[in-house]
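Asks: 3D, please:
(chains A, B, C and D, ligands or ions: 2)
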Amino acid sequence: MGGFSIKSEPAGGAVLVKVNGFLDAHTFEQMENTINNLFNENSFKIVVDLSGVDYISSAGAGVFIGAIGTAQENKGDIVLMQPTPHVKEVFDLLGLSQIFHFADDADTAVKFFSS
Amino acid sequence: MGGFSIKSEPAGGAVLVKVNGFLDAHTFEQMENTINNLFNENSFKIVVDLSGVDYISSAGAGVFIGAIGTAQENKGDIVLMQPTPHVKEVFDLLGLSQIFHFADDADTAVKFFSS
Amino acid sequence: MACAAKAEMEDEGGAKLEIESKTENLSRVREFMSKQVSASQLPPAERGKVILAVDEAVANIMKHSYEEVASGTITISVKSDAERLEIHVMDSGKKFDPNSIRDIDIIQHVKEGRKTGLGIFLMRQIMDEVEYSFKEGQRNELRLVKYVKPKPRPGPAVQAGGGAKGA
Amino acid sequence: MACAAKAEMEDEGGAKLEIESKTENLSRVREFMSKQVSASQLPPAERGKVILAVDEAVANIMKHSYEEVASGTITISVKSDAERLEIHVMDSGKKFDPNSIRDIDIIQHVKEGRKTGLGIFLMRQIMDEVEYSFKEGQRNELRLVKYVKPKPRPGPAVQAGGGAKGA
Ligand SMILES: Nc1ncnc2c1ncn2[C@@H]1O[C@H](COP(=O)(O)OP(=O)(O)O)[C@@H](O)[C@H]1O
Ligand SMILES: Nc1ncnc2c1ncn2[C@@H]1O[C@H](COP(=O)(O)OP(=O)(O)O)[C@@H](O)[C@H]1O
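Replies: Ligands and ions are numbered 1, 2, ... in the order given. Predicted structure coming up:
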């Protein structure tokens, strides 16, 4: 099972969501719930820390595709932070790297929203 | 469990989706899968026959909210056919009756797409 | 009292249902509520809506409070008299006050294709009072009240006063 | 052969994994594939992608072919030699040919917030051959092939020829 977990914390006007484990067809709904909950609490500036994600499949990437429009409509965005090379490659393969913003650390990610 | 079922069939350029049973937080994902599958097969003109749906909650209505935009973006729509008064009332309570098109029978529903 | 399996009880205080946190039990909740509203003084036209409001409250607990871990218990108790139907929904999951959630703009919701965030809105549309309290010993208690005779309401969502009562 | 529980086997024909149709088994599929690609001649940079392609194929079967009813069996068999890695994924759920699905336009997908329809696209991006056949006795068989030495490809999605082979 590898132990999947998601934790959220406020980070300078944005929310930092730290994901650990696999983001696959088994776990993606938890990720989706987390983001929908943030939206329902009017948080639309979301940084997803992917450094602890060993693996992502299309179901995992789909969560971000489904969410970015709503985030942007509400003056926010989804910034993907520190994907591992394997995870980044999946975004590349899907053609998503041209669409999502990536950041190397939390500071840069949070600053993205004030720029 | 009351037996939940979904059946789809082509109907004059559209797809008629017949739903039976409860459309609640337990069953909505099946409805969502069905609609996403139609989208992935490039069917965007969708008539949902609700005459066999005894009960709908916000999770069920949410499926149609999540889908109508994609349908309309692709020159289609979601037409809701023959909701029972109880089900129609839920759409009214949510303020969705102003947004969705309702039809009394399959003919009218399918014709909606050629008008 | 402590009973893992679902159980329906009746005593002087009213009727009670205890279920496990699994969405397949929602139809059980609606059957239970259906009996309760039928035995109440509520006008028939309001009964289905009250069943819906309770379904929404319980579905929320399953999805958010217990986060889809099927290991929690949810207790629903119902009391009614000539004036009101009062429902208490109790769980020992994550602390949560629905009053922290603002009302939605349905047009915007549809525009964005957001399919969640409707349940609390619906609960408020239907019930006359939606009140939350957190009890000692890690317990959420949601109190839903519907008046037998509709009172004039300033808007669709009213949060009426009055202290939370124990189950 | 017929074995309800998951089972991993090895014979002259290659390695085989049999699992139940439950998404929690996907990590098991990836572990199995990880062993297979490590033992193959595939360049290390391609290995993770092949694991992903098989995960997508199996996840699709779980979601669509067995429609989330956890009662089906999925069999994965792998053969490899100096030239290619060949994977067969078999299920006895709903008949389905992935070649009936057109490639997506990712920009439009994101614009509409559509989070599904990516798996087959990804499978085609990664594998050199994606081929489907329906076998007597109600069985879907998906054949995925990756060449050890990349061949020039006309576009992202190639459906190469060649008859489907039995498992
Ligand atoms: N019982 C609960 N426990 C914890 N959080 C809750 C609970 N009920 C609702 N919420 C939060 O409030 C938000 C809005 O709830 P709701 O309007 O019912 O929409 P939905 O459940 O479809 O997301 C939820 O997304 C969730 O973040
Ligand atoms: N094994 C399968 N059995 C039946 N239908 C399938 C199968 N795989 C894919 N499909 C259909 O093809 C569509 C596209 O699949 P895919 O690109 O993997 O996206 P997703 O699974 O996210 O919907 C699915 O929505 C489904 O309708």
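Asks: residue nearest the centroid of chain A?
Replies: Compute the mean C-alpha point of chain A, and by CA atoms, centre = their mean the closest residue is residue A:48, 3.4 Å away.
Asks: how many neighbouring residues does the residue lying closest to that residue once chain neighbours are set aside have?
Replies: Spatial nearest neighbour of residue A:48, chain neighbours left out: residue A:17 (5.0 Å); criterion: CB to CB, 6 or more residues apart in numbering or on different chains. In short, each C-beta sits where N, CA and C put it, glycine included. Residues contacting residue A:17 under the criterion other CB atoms under 10 Å in any protein chain shown number 22.
Asks: which residues touch the helix or strand hosting residue A:17?
Replies: Here residue A:17, judged by DSSP states H and E, is contained in strand A:14-23. Contacts with strand A:14-23, where a contact means CB atoms under 8 Å, 6 or more residues apart in numbering or on different chains, come from A:2-10, A:27, A:31, A:34-35, A:38, A:43, A:45-50, A:52-57, A:59-60, A:63, A:79, A:81, A:106, A:109-110, A:113, D:26-27.
Asks: angle of the top strand by length along chain A against strand A:14-23?
Replies: Using DSSP state E, we find that the single longest strand of chain A is strand A:45-56. Calculated by axes from the mean of the first three to the mean of the last three CA atoms, to 10 degrees, strand A:45-56 forms an angle of 10 degrees with strand A:14-23.
Asks: still on that earlier bit, narrow the contacts of strand A:14-23 to just the buried residues.
Replies: Among those, those buried by neighbour count (16 or more other CB atoms under 10 Å in any protein chain shown) are A:4, A:6, A:8, A:27, A:31, A:34-35, A:38, A:43, A:45-50, A:53, A:55-57, A:59-60, A:63, A:79, A:81, A:106, A:109-110, A:113, D:26-27.
Asks: mind listing what the closest residue to ligand 1 within chain C touches?
Replies: Per CB to the nearest ligand atom, residue C:119 is where chain C lies closest to ligand 1, at 2.4 Å. For residue C:119, the contact set (CB under 8 Å, 6+ apart) comprises B:57-59, C:56-57, C:59-60.
Asks: just the element for residue A:7, please.
Replies: Going by DSSP H and E, residue A:7 is part of strand A:5-11.
Asks: output the below-cut-off pLDDT ranges for the chain.
Replies: Since no chain was named, I'll use chain A. Along chain A, the model assigns pLDDT under 70 to residues A:1-2.
Asks: wait, I meant chain C there
Replies: C:1-6, C:11-13, C:68-70, C:152-167.
Asks: which residues of it lie near chain B?
Replies: C:23-24, C:26-27, C:30, C:48-49, C:52, C:55-56, C:59, C:62-63, C:106-107, C:109-116, C:118-119, C:121-122, C:125-126 (CB under 8 Å from any CB of the partner chain).
Asks: from those, list just the buried residues.
Replies: Using 16+ other CB under 10 Å as the burial test, these include C:23, C:26-27, C:30, C:48-49, C:52, C:55-56, C:59, C:62-63, C:106, C:109-116, C:118-119, C:121-122, C:125-126 as buried.
Asks: now do the contacts for the nearest residue to residue C:76 once chain neighbours are set aside.
Replies: Spatial nearest neighbour of residue C:76, excluding adjacent residues (CB to CB, 6+ apart): residue C:17 at 4.7 Å. Taking CB under 8 Å, 6+ apart, we find residue C:17 in contact with C:6-9, C:28-29, C:32, C:75-77.
Asks: name the member of the residues you listed with the most neighbours.
Replies: residue C:76 (25 neighbours).
Asks: can you tell me how far it sits from chain D?
Replies: 28 Å (CB to the nearest CB, to the nearest Å).
Asks: ok, for residue C:93, nearest residue in space, not its chain neighbours?
Replies: Nearest non-adjacent residue to residue C:93, counting by CB to CB, 6+ apart: residue C:65, 3.2 Å away.
Asks: buried ones in stretch C:80-98, by neighbour count?
Replies: C:80, C:84-93, C:96, C:98.
Asks: list the contacts for residue C:137?
Replies: If you count contacts by CB under 8 Å, 6+ apart, residue C:137 has them with residue C:92.
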